[in-house]
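Engineer: Sequence unavailable; structure follows:
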């Protein structure tokens, strides 16, 4: 079957097509086995073609951002992985809204808004994901969620139809945007306020320093592993049950922030997942709190 997935992808698009790619090369935690095929469509027509063939041939499809908030299992991903990071990176300001394509990094989007003197995106500086990934998971930082800034999101449906939905018709929740599985986010429009560049830069600097001080950014990680429960920050409960610095193999709970699992070099997805299960068990047994995973786990 994997051979069929590869054969069907050969020559399908002009954008890059890679075969048997170790997903540890494409994820921020640096774990994960091989994907059968990774496609980088360079424009909308190529993306439509990929979705059309995948639907017709019943090929499993996974949309990849920059591989943050993601754990790929050690046997990898069957079917096609599609990344928009090489063909969907345009951004512009029309005088009212900033429109950014899904493959643009959040970091680049923040830099663009700084140049334009637009305020609101500062908390997202340093988040390593893409615009599409940030929208799909309703990324948040320092009390701000991306939904607070969204005017509309444009999707590509599996039949090739393009659909724009305004924020009032979108279903956001904590670290989640609900939309039909075969749809692909292709761009977002954001409503930002005019600001003074000096003040925007000062805010960015402040958030950046806070991130450096409180998060283990020098190590590979998937970001926050668990959602914050209603009882308070997940990291607080993990620390209180004594798991800060606890490790399994090369996977370790960060000593700087207990809601981060870091890869100390050659961690496997299995080690990370066992560590997550141990955290869940310990926090539930000692605190009676059920932690819900923020990271997405995919693959075999």
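Structural biologist: In hand now; what should we look at? These numbers were taken from a predicted model, which means no experiment stands behind them. Numbering: from 1, shown residues only.
Engineer: Tally up the residues packed near residue 219, please.
Structural biologist: Neighbours of residue 219 under the rule other Cβ atoms under 10 Å: 17. The way it works is simple: take the backbone N, C-alpha and C, and place the C-beta from them, glycine included.
Engineer: how close does the closest residue in space to it that isn't next to it in sequence get to residue 268?
Structural biologist: Distance criterion Cβ to Cβ, 6 or more residues apart in numbering; nearest residue to residue 219, sequence neighbours excluded, is residue 262 at 3.8 Å. According to Cβ to Cβ, to the nearest Å, residue 262 stands 14 Å off from residue 268.
Engineer: Counting neighbours, go ahead and name the busier of the two.
Structural biologist: Between residue 262 and residue 268, counted using other Cβ under 10 Å, residue 262 has the larger neighbour count: 25 against 19.
Engineer: surely that one meets residue 254?
Structural biologist: Yes: applying Cβ atoms under 8 Å, one finds residue 262 in contact with residue 254, separated by 5.1 Å.
Engineer: who touches both of these two?
Structural biologist: Shared contacts of residue 262 and residue 254 (Cβ atoms under 8 Å, 6 or more residues apart in numbering): 216, 219, 221.
Engineer: The first one contacts residue 260, doesn't it?
Structural biologist: When you say that, I think you mean residue 216. Yes: between residue 216 and residue 260 there is a contact at 5.4 Å, judged by Cβ under 8 Å.
Engineer: higher neighbour count, those two?
Structural biologist: residue 260 (22 against 17).
Engineer: ok, now which ones touch that one?
Structural biologist: Contact partners of residue 260, counting by Cβ under 8 Å, 6+ apart, are 215-216, 221, 223-225, 235, 253-254.
Engineer: The residues you listed in helices, which ones?
Structural biologist: The helices in this structure, assigned by DSSP state H, contain residue 235 from the contacts of residue 260.
Engineer: Just among the contacts of residue 260, which is most surrounded?
Structural biologist: residue 225 (27 neighbours).
Engineer: Any figure for the gap between that one and residue 296?
Structural biologist: Distance of residue 225 to residue 296, computed by Cβ to Cβ: 11 Å.
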